[in-house]
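**Student:** Sequence unavailable; structure follows:
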Ligand code: CMP
């Protein structure tokens, strides 16, 4: 039977982390943990206090605010960064649409990640700007 890929090599296939060398990725992996969710599980609840940052390794999740779907996120995309950055409650629900595997980091490990890896902070800013532009152009916003 083929061995399951370890989390460090899985993170290497995610564009967000692919620029990091193996040593950095391994040290990063040891700071987070893999979490799995069933379809329909709420990974994040609007209004709750944020303690985790999530990167989707496999599966799909929907970002919802009440009845409104703000985005569908898949492999290699992240969520949960907003509450960790501004220390305010979660801005939306994030619900798994299928069995979903995430790599999760605590708020303090997340702070260390963005402080010590400016290229990751920049990638994250780019994605956040993309989401802001999409929200601006949404007819329901
Ligand atoms: P946070 O507020 O911590 O928890 C809910 C998460 O949903 C939020 O962080 C973002 O990661 C994500 N999110 C909120 N609004 C949007 C949006 N318009 N598009 C994509 N993702 C979003």
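**Tutor:** It's in. Since we're looking at a predicted model, the values are computed, not measured.
**Student:** For the closest residue to residue 39 other than its chain neighbours, list the residues it contacts.
**Tutor:** Sequence neighbours aside, residue 98 is the residue nearest to residue 39 in space, at 5.1 Å (criterion: CB to CB, 6 or more residues apart in numbering). The C-beta positions use only the backbone N, C-alpha and C, and glycine is treated the same way. By CB atoms under 8 Å, 6 or more residues apart in numbering, residue 98 lies in contact with 39, 59, 60.
**Student:** Helix, strand or coil: sort out residue 98 for me.
**Tutor:** Using DSSP: H, G, I helix; E, B strand; the rest coil, the structure places residue 98 in coil.
**Student:** how close does it sit to the ligand?
**Tutor:** 18 Å (CB to the nearest ligand atom, to the nearest Å).
**Student:** Stretch 113-121: how far from the chain's middle?
**Tutor:** 15 Å (CA atoms, centre = their mean, to the nearest Å).
**Student:** Ok, stretch 42-59 next?
**Tutor:** The gap between the average C-alpha position of stretch 42-59 and the chain average comes to 7 Å, counting by CA atoms, centre = their mean.
**Student:** how long is that stretch end to end?
**Tutor:** Length of stretch 42-59, first residue to last, CA to CA, to the nearest Å: 14 Å.
**Student:** does that stretch come close to the ligand?
**Tutor:** Yes - counting by CB under 6 Å from any ligand atom, contacts between stretch 42-59 and the ligand involve 44, 50.
**Student:** For that stretch, buried residues please.
**Tutor:** Buried residues in stretch 42-59, counted by 16 or more other CB atoms under 10 Å: 43, 44, 50, 52, 53, 54, 55, 56, 57, 59.
**Student:** which residues of the protein score low on pLDDT?
**Tutor:** Applying pLDDT under 70 to the chain picks out residues 1-7, 140-141.
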